[in-house]
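> Structure of the sequence below:
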Amino acid sequence: MAKGLIWATTEDLVRNRSRVLSLYRQVLRSLNSPQLPMSWAARMAKKAEVRAMFMLGSEERSIHNIEDLIDAAEYSLSLLRKGEIPKYIQ
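This next block holds a predicted model:
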């Protein structure tokens, strides 16, 4: 990702688009896991929070912030796969 020095160029954004969409879908799917101790309403609320976070993140143009958001999503996904709820979602 390092075409632009501080701000992401169009190429940078296009290069990460598929990765971000994949993370978004995986996080939403992981919230459906029966390992998570949540009711149906709680799952829907958490999915709405995830959608809001990704929508706000889609407006980000700083390369470093985009990398941090991707790292946070990957970390949260790893916790969800273990059956834990990440703190930023709680």
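> remind me, longest helix of this structure?
Taking DSSP state H as the criterion, the chain has its longest helix at helix 10-30.
> what's that one packed up against?
Contacts defined by 3 or more CB pairs under 8 Å, 6 or more residues apart in numbering; DSSP states H and E place helix 10-30 against helix 40-58, helix 63-81. No exception for glycine: its C-beta is placed from N, CA and C like everyone else's.
> Let me know which of these is tucked in deepest.
Ranked by mean neighbour count, the helices and strands packed on helix 10-30 are led by helix 63-81 with a mean of 16 (mean count of other CB atoms under 10 Å).
> and that one with helix 40-58, angle?
Counting by axes from the mean of the first three to the mean of the last three CA atoms, to 10 degrees, helix 63-81 lies at 160 degrees to helix 40-58.
> How about the longest helix of the chain, which residues are buried there?
Asp12, Leu13, Asn16, Val20, Leu23, Tyr24, Gln26, Val27, Leu28, Ser30 (16 or more other CB atoms under 10 Å).
> Pull up the per-residue confidence for the residue nearest the centre of the chain.
Central residue of the chain (CA atoms, centre = their mean): Ala73, 3.8 Å from the mean position. Note on Ala73: pLDDT of 90.
> What of the one 3 residues further on?
We have a pLDDT of 90 for Ser76.
> what residues are up against the closest residue to it other than its chain neighbours?
Excluding its sequence neighbours, the residue lying closest to Ser76 (CB to CB, 6 or more residues apart in numbering) is Pro86, at 4.1 Å. Residues counted as contacts of Pro86 (CB atoms under 8 Å, 6 or more residues apart in numbering) are Tyr75, Ser76, Leu79, Leu80.
> make it 7 Å
The contact partners of Pro86, taken as CB atoms under 7 Å, 6 or more residues apart in numbering, are Ser76, Leu79, Leu80.
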